[in-house]
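Asker: Fold the following and give me the result.
(one chain, ligands or ions: 1)
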Amino acid sequence: MDWLDWHQDYDDPSSDLSGRLRSVQRAIRNHLDAHRDGPIRVISACAGQGRDLIEVLATHPARDRVSARLVELDPRLADTARTAAAAHGLTGIEVVEADAGSTASYAGAVPADLVLFCGVFGNITPADTETTVRALPAFCTPNATVIWTRGRHTPDIRQDIRAWFTDTGFKELTFDAPDNVAWSVGTNRYLATTEPPTPPERLFTFQ
Ligand SMILES: C[S@@+](CC[C@H](N)C(=O)[O-])C[C@H]1O[C@@H](n2cnc3c(N)ncnc32)[C@H](O)[C@@H]1O
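Answerer: Below you'll find the predicted structure:
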């Protein structure tokens, strides 16, 4: 898969991918709107061009309170994200070219208040998806929001993912899965009722 090509569907506002982007951006906006004071830390795994976060922050009143680490392996996409952040004067956005499946890539950026796993769970094994979901408490502040996506392609593990979140101490806020599209977007709040377990060094390996 050439991930640069994959991003081209974003240029068509009627594409499935653009519909998914709007859903993710609504969820990001909801989190920012609900947090009117203080710093907001964000991490984004496999961030691609970072359109979801950068496009929202470009016009959101919280923009200068946000510090974000975007973790993306492809230098071309990381560069696009960096350029877009700079074009909007978003000085709190750091784009690192690193393996998002490695826990070490988030050192210094977690615990975060907003955690984006968009375009990840559809490209890793169900076992890695479960490992990642169960590790997420260690990446989250109490009341953090996790935004994640997963297509309905086989094996359709979306209901398993929702159950893993609930079982790991998250409350589901929304699950946006319109009938006529292939994508789903989930948002979950970390309730932090117990001390998070130490995460494994490796969360997932991209397929
Ligand atoms: C499906 S795209 C999602 C991009 C973005 N999150 C979005 O939703 O628009 C997957 C992205 O993961 C990146 N990627 C693949 N393996 C990775 C890894 N091990 N660490 C970080 N990024 C990776 C790809 O380069 C690609 O940009």
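Asker: moving C-terminal of the longest strand along the chain, what's the next helix or strand?
Answerer: Longest strand of the chain, by residue count under DSSP state E: strand 140-149. Sequence order places helix 158-167 as the next helix or strand after strand 140-149, per DSSP states H and E.
Asker: Give the other helices and strands that that next one contacts.
Answerer: Under the contact criterion of 3 or more C-beta pairs under 8 Å, 6 or more residues apart in numbering; DSSP states H and E, helix 158-167 touches helix 126-135, strand 170-176, strand 185-190. In this view, the C-beta of every residue, glycine as well, is placed from N, C-alpha and C.
Asker: These: which one's closest to the ligand?
Answerer: Of all the helices and strands packed on helix 158-167, strand 185-190 sits nearest to the ligand, with 10.1 Å by C-beta to the nearest ligand atom.
Asker: Can you give the distance of that closest one from its chain's centre?
Answerer: Between the mean C-alpha location of strand 185-190 and the chain-wide mean there is a distance of 10 Å, by C-alpha atoms, centre = their mean, to the nearest Å.
Asker: next one: stretch 85-102
Answerer: 13 Å.
Asker: Kindly report the same for stretch 28-48.
Answerer: That offset, for stretch 28-48, works out to 10 Å (C-alpha atoms, centre = their mean).
Asker: Can you show me the CA trace of it as CSV?
Answerer: Extracted in CSV, the C-alpha atoms of stretch 28-48 (Å, rounded to 0.1, in the frame of the first residue of the first chain):
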residue,chain,number,x,y,z
ILE,A,28,-12.2,16.2,18.0
ARG,A,29,-14.3,19.4,18.1
ASN,A,30,-16.6,17.9,20.8
HIS,A,31,-13.6,17.2,23.0
LEU,A,32,-12.1,20.6,22.5
ASP,A,33,-15.4,22.4,23.0
ALA,A,34,-15.9,20.6,26.3
HIS,A,35,-12.4,21.6,27.6
ARG,A,36,-12.5,25.4,27.8
ASP,A,37,-9.5,25.9,30.1
GLY,A,38,-6.0,24.6,30.5
PRO,A,39,-3.5,22.8,28.3
ILE,A,40,-4.7,19.9,26.1
ARG,A,41,-2.3,17.2,25.1
VAL,A,42,-2.9,15.1,22.0
ILE,A,43,-1.3,12.1,20.5
SER,A,44,-2.1,10.7,17.1
ALA,A,45,-0.9,7.2,16.0
CYS,A,46,-0.2,6.7,12.3
ALA,A,47,-1.2,10.3,11.8
GLY,A,48,-0.7,10.4,8.0
